[in-house]
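Structure for this input, please:
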Amino acid sequence: MEQEKSPSWRLQGLALVYHALQRQKESDVALAELILRFRSEMTFQIAEVYGFRGETNQKSFFFAAFAGGFGEGNVVGDKVPPECFDEQEA
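Model (predicted):
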């Protein structure tokens, strides 16, 4: 993942890989940075990370809903309401 040239895709991959390796803190950090820097264009991918991690909470559904499902996933990502973020993620 470190060789991925796109910062957004690298962060998504790191969040997934770290979780798979049971390195939750590193996964959390990668996901928080992904949300902070790329939430408007990576909404569906953020929802994927939450789903992969088994976090079927309110935040994961906000991202999935705002990503537009399985269609064009980045249409309204900048409209994700701020209440779906923890203070440390905002």
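
Over to the closest residue to Met42 other than its chain neighbours. Which of the three states is it?
Take Met42 and drop its neighbours on the chain: the residue closest to it by CB to CB, 6 or more residues apart in numbering is Ser8, 5.2 Å away. Heads up, the C-betas are built off the backbone N, CA and C, glycines and all. Judged by DSSP: H, G, I helix; E, B strand; the rest coil, the three-state class of Ser8 is helix.

these two touch, right, Ser8 and Leu34?
Yes - contact criterion CB atoms under 8 Å: Ser8 and Leu34 qualify, at 6.8 Å.

Look at these two and report which has more neighbours.
Counted by other CB atoms under 10 Å, Ser8 and Leu34 do not tie: Leu34 has more neighbours, with 24 against 16.

same question for the helix or strand containing the more buried one, mean pLDDT?
Using DSSP states H and E, Leu34 maps to helix 24-38. With pLDDT averaged residue by residue, helix 24-38 scores 95.

same deal with stretch 49-61?
80.

my read: Arg39 touches Ala47, true?
No - applying CB under 8 Å, one finds Arg39 not in contact with Ala47, separated by 10.8 Å.
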